[in-house]
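*Asks:* Predicted structure and sequence below. I'll ask about it afterward.
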Amino acid sequence: MVGTATAALVLAVLLTGRPSAAGEPHQEKPYALIYGTVFDPDGVPVYGVKVKIRRSEEKKARWELMSDHRGEFAQRVPPGKADYVVWADFKDYKLPSGRHLKPGTEVTVHIYNEERADTGLHLIW
């Protein structure tokens, strides 16, 4: 009997990374998700573009991330009503073809609660 309880505790620690209090499930902090894709002017997803995100009332970027091999990016933000501005930063970016991309317009994303908001950044030549 004691061996079964010990085995259950060890299994709970291995699965959650911490001891579990009497059947209490591991609670993840709530969040909203800004998910998007960076496209070149021809509609092709672009890899390795720095994407910046800030709250609309702030001046500096709060988050910086890179688009992946499918041109996609995702950033968790606090849940609740807020507007976020998303844009591409080309300070250190060069295409293998030698062509120069320029950022398109900034995109405003509206978050209302715990949700996923999808967007796209469309670049220009």
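*Replies:* Received the coordinates, thanks. Numbering: from 1, shown residues only.

*Asks:* C-alpha from now on. contacts and neighbour counts both.
*Replies:* Noted.

*Asks:* any low-confidence regions in this structure?
*Replies:* By pLDDT under 70, the low-scoring segments of the chain are 1-24, 92.

*Asks:* All the strands of it, in order from the start?
*Replies:* With DSSP state E as the criterion, the chain has strands at 32-39, 50-55, 63-66, 72-77, 82-89, 107-111, 116-122.

*Asks:* Starting from the second one, tell me which strands it pairs with and how they run.
*Replies:* So the one you mean is strand 50-55. Neighbouring strands of strand 50-55 in its sheet, by DSSP bridges, are strand 63-66 (antiparallel), strand 82-89 (antiparallel).

*Asks:* Give me the contact list for that strand.
*Replies:* 60-67, 73, 82-90 (CA atoms under 8 Å, 6 or more residues apart in numbering).

*Asks:* Quick check, central residue of the protein?
*Replies:* Central residue of the chain (CA atoms, centre = their mean): Gln75, 1.7 Å from the mean position.

*Asks:* Show the contacting residues for that one.
*Replies:* Leu33, Ile34, Tyr35, Trp63.

*Asks:* got TSV for the strands paired with strand 50-55, with mean neighbour count and distance to Gly98 too?
*Replies:* Shown next, in TSV, are the strands paired with strand 50-55 (neighbours: other CA atoms under 10 Å; distance: least, CA to CA, whole Å):
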stretch	mean neighbour count	distance to Gly98
strand 63-66	16	20
strand 82-89	19	17
